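In: Task: produce atomic coordinates for the following.
(chains A, B, C and D)
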Number of protein chains: 2
Amino acid sequence: MGTTQLDTVPEPKYWHLKTVLSDALDSEFAVGEILPNERELAARFGVARATLRQALEQLELEGRLQRRRGVGTTVAPPRVGVAVGDYTHTWTEAGDDTWSCVDSVEAVPPAAVVRLLDTDPDAPVHQVRRTRVSQGQPLAAELLYVPAASVPGLAAIDTPSGLARARAVLRELGRLKLEGREQSVELGSARADDAKELDRLPGAPVLVVTTRYVAENRTAAVAVATYRADTCRLTFGDANGDANGVELLAG
Amino acid sequence: MGTTQLDTVPEPKYWHLKTVLSDALDSEFAVGEILPNERELAARFGVARATLRQALEQLELEGRLQRRRGVGTTVAPPRVGVAVGDYTHTWTEAGDDTWSCVDSVEAVPPAAVVRLLDTDPDAPVHQVRRTRVSQGQPLAAELLYVPAASVPGLAAIDTPSGLARARAVLRELGRLKLEGREQSVELGSARADDAKELDRLPGAPVLVVTTRYVAENRTAAVAVATYRADTCRLTFGDANGDANGVELLAG
DNA sequence: AAGTGGTCTAGACCACTGT
DNA sequence: CAGTGGTCTAGACCACTTA
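Out: Model prediction:
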C-alpha cells in the first residue's frame, strides 16, 4: 500500500497531532461529547495552543469536530447526506427538509451571475433568499436570481418586498416547464450574510452549488446555494429512489 | 442587499485584509503574476505575518491565489470546470482529460468503503489508482475498489501488480453493463499519498467524490476521487451536450 | 547562498456563552 | 461572572526552490 519509506521528511507536529486526536475520537469519545478545552489539550500534548488549533481546524474541516465560541469543542455526528441532484423539491415549500423562503428584493445581480443569466448587466432581477433546514440544523442558504422575463405574471407592484413577495415569485416560477439544469460545486467561504443564516462565523468553509435552470431554451433562473461544508455531504443520485431528500449514500 | 448596519461587531483584521487584497487582485494584478512576499505584505499592511497569512489562506481556499514554498504567491487562474457527472469517460483511458492508471494492488479496503461495497470486511479487493490531469495540471487522484466478483475474467495471478495489472482490471470492468450510479461530494483534506499526486502539501483541502457503480443490481465498484479544491469546480451536467469533459458552466 | 512559504512558540487580549 | 474559542503579535527556525 502506502509508501513504507522511512520518512526522510519529518512529519509536522500538527499533522501528527491530528492523527492522534482522530484516533482518540474514534475510540474514546461519543458523538456530542465535549473535549477538554484548547489550553488544556495543548498542555497535555506539550505544544503551543496555536499548533493544537491547527490540528483542530483540520478535524473540523473534515467534519469530525464542532467548535463553538464560549461553549467548547464537541465531537460532531457523521455528515448528513443532502440530495441536491433531484427535481422533487425545487420550488415547493413543505415538509422538514425543503427550502423555506426568507425574503425577496429586486436588485442588480453580481457580475458572475449576470454571465449565467445572460441578461443586461445593469438590469435588476428578483432575488429570493431561501434557507434549507433539516432536523433543526441549518444546512444551506440560497440566493435565487429570477429575471423578470421568467415571471411575467408577477405585477411589479404586487407586493413591495419581504416574505410575501418571495412566495409570489416562486409561485410564478412554478408555472415554467423546466427543460434542464446544470449544476456545479466548488469550495468557498461563507459571506457575512450567509454565515449568519448558517449559524457559523464569516469565512467558514462552504460548498457552493450553482444551478442554472433552463426553460424554453433560455436561462429561467440561477440559484447560488451555500452548504455548510463541515456538516453536509452533497449527494447526486442517478438511480436512487429515495423519497425524502435527505438520505445517506451509505447504509 | 447587504446589511448596512453600522458594525457593532468590529471586523477581524484578517477579514478586512482579505477584502482589500481581493479587490487589489481584481484591479492591479494579472493571472500568474507574483505577489510581494509575505513579510513585505505584512509590513505594508501593518500586521503580523500570521495575520496576513490568515487572509492569504482564505484567498487560496477560494481559488484566488496559489502559494508554493520556495517560490512565492501567485494570482491563480479561474477554476477549471470538471465534469464528474457524465458517463463518457468512466473506464476509458485516452485523450487529454481522462483518467490514467498508475498501478493496482489487492488489499482490504477501509471500513467506510466496505460499507458501500457490502463485501466481507476482511476480503481483499482490487484497488486501482488513477489520476486525472488536464492541461498539464493534476486535477484529481482516485482509488477504485473493485470486488473480485465484478471481474470474474481476471485470473488472480494474471499479473502481479503495477500498471499492467491496473489496465487488466479496468478492461474486465468494462465488460459490465452499468445500471446506475450514486455520487456524493464532500470536503476533506488530502492524505499524504493523494497530496503527492496532486502536487500539494498533505492536508490541502480537497473535494472528495465518492461514486458507487451499480451493475446487475449489485455494487460493482466504488471510486473515491479527491479533487484539488483550490483549482477545481465540479460540474454535474443534466442537459448539456459538451463534448469533452472539461467545460465551463459559464460561457 | 539567498529568498520563499511552512511550522512553531509563548504570550496577550477580545467576543461570546453559560450560570 | 468565569470559562470558552477567536484573533493577534513578534519573534524563531525549518523545508524548499532557484540561481
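In: which residues in chain A form helices?
Out: With DSSP state H as the criterion, chain A has helices at A:13-28, A:38-45, A:49-61, A:111-117, A:163-173, A:192-198.
In: So for DNA strand D, which of those sits nearest?
Out: Nearest to DNA strand D, of all those, is helix A:38-45, at 3.8 Å by CB to the nearest atom of the strand. From N, CA and C alone the C-beta is placed, and that goes for glycine too.
In: Which strands and helices lie in contact with that closest one?
Out: helix A:49-61 (3 or more CB pairs under 8 Å, 6 or more residues apart in numbering or on different chains; DSSP states H and E).
In: Can you give me the buried ones in the helix it packs on?
Out: A:51-61 (16 or more other CB atoms under 10 Å in any protein chain shown).
In: Rebuild the helices of chain A as TSV, extending it with distance to DNA strand C.
Out: TSV is the format used below for these (distance: least, CB to the nearest atom of the strand, whole Å):
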stretch	distance to DNA strand C
helix A:13-28	3
helix A:38-45	8
helix A:49-61	3
helix A:111-117	27
helix A:163-173	25
helix A:192-198	11
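In: which stretch among the ones you listed comes nearest residue A:98?
Out: Judged by CB to CB, the one of the helices of chain A that comes nearest to residue A:98 is helix A:163-173, at 11.5 Å.
In: Show me how far that closest one is from its chain's centre.
Out: How far helix A:163-173 lies from its chain's middle: 23 Å, per CA atoms, centre = their mean, to the nearest Å.
In: Same question for stretch A:21-39.
Out: With CA atoms, centre = their mean, you get 25 Å for stretch A:21-39.
In: Same question for stretch A:144-153.
Out: Relative to its chain's centre, stretch A:144-153 lies at 24 Å (CA atoms, centre = their mean).
In: before we move on, what about stretch A:73-83?
Out: 13 Å.
In: which residues sit in contact with residue A:174?
Out: By CB atoms under 8 Å, 6 or more residues apart in numbering or on different chains, the contact list for residue A:174 reads residue A:91.
In: per-domain residue ranges of chain A.
Out: With the TED database as the criterion, the domains of chain A are listed as A:13-75, A:80-236.
In: Out of those domains, which gets the lowest mean score?
Out: Confidence, taken as mean pLDDT, is least for domain A:80-236 of these (a mean of 88).
In: Show the end-to-end separation of that one, please.
Out: From its first residue to its last, domain A:80-236 covers 13 Å (CA to CA, to the nearest Å).
In: ok so, going back, format the domains of chain A as a markdown table; extra columns: distance to residue B:212.
Out: Below are the domains of chain A laid out as a markdown table (distance: least, CB to CB, whole Å):
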| stretch | distance to residue B:212 |
| --- | --- |
| domain A:13-75 | 20 |
| domain A:80-236 | 10 |
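In: Residue B:76: which of those domains is closest?
Out: domain A:80-236 (12.8 Å).
In: The closest one near DNA strand D anywhere?
Out: Yes. Using CB under 7 Å from any atom of the strand, domain A:80-236 reaches DNA strand D at A:201, A:203.
In: Double-check residue A:48 against residue A:42; I have them as touching.
Out: Yes. With contact defined as CB atoms under 8 Å, residue A:48 reaches residue A:42; the gap is 6.4 Å.
In: more neighbours, those two?
Out: Neighbour tally, residue A:48 and residue A:42, criterion other CB atoms under 10 Å in any protein chain shown: the higher count belongs to residue A:42, 20 against 12.
In: What's the separation between that one and chain B?
Out: 16 Å (CB to the nearest CB, to the nearest Å).
In: what's the answer for residue A:153, then?
Out: When distance is defined by CB to the nearest CB, residue A:153 is 25 Å away from chain B.
In: how close does that residue get to residue A:168?
Out: 9 Å (CB to CB, to the nearest Å).
In: neighbour-wise, which of the two wins?
Out: With other CB under 10 Å as the criterion, residue A:153 and residue A:168 differ in neighbour count, and residue A:168 comes out ahead with 20 against 10.
In: looking at it, that one is touching residue A:154, isn't it?
Out: Yes. Under the criterion of CB under 8 Å, residue A:168 makes contact with residue A:154 at 6.0 Å.
In: hmm, back to that, any idea which of the domains of chain A is most buried?
Out: Ranked by mean neighbour count, the domains of chain A are led by domain A:80-236 with a mean of 18 (mean count of other CB atoms under 10 Å in any protein chain shown).
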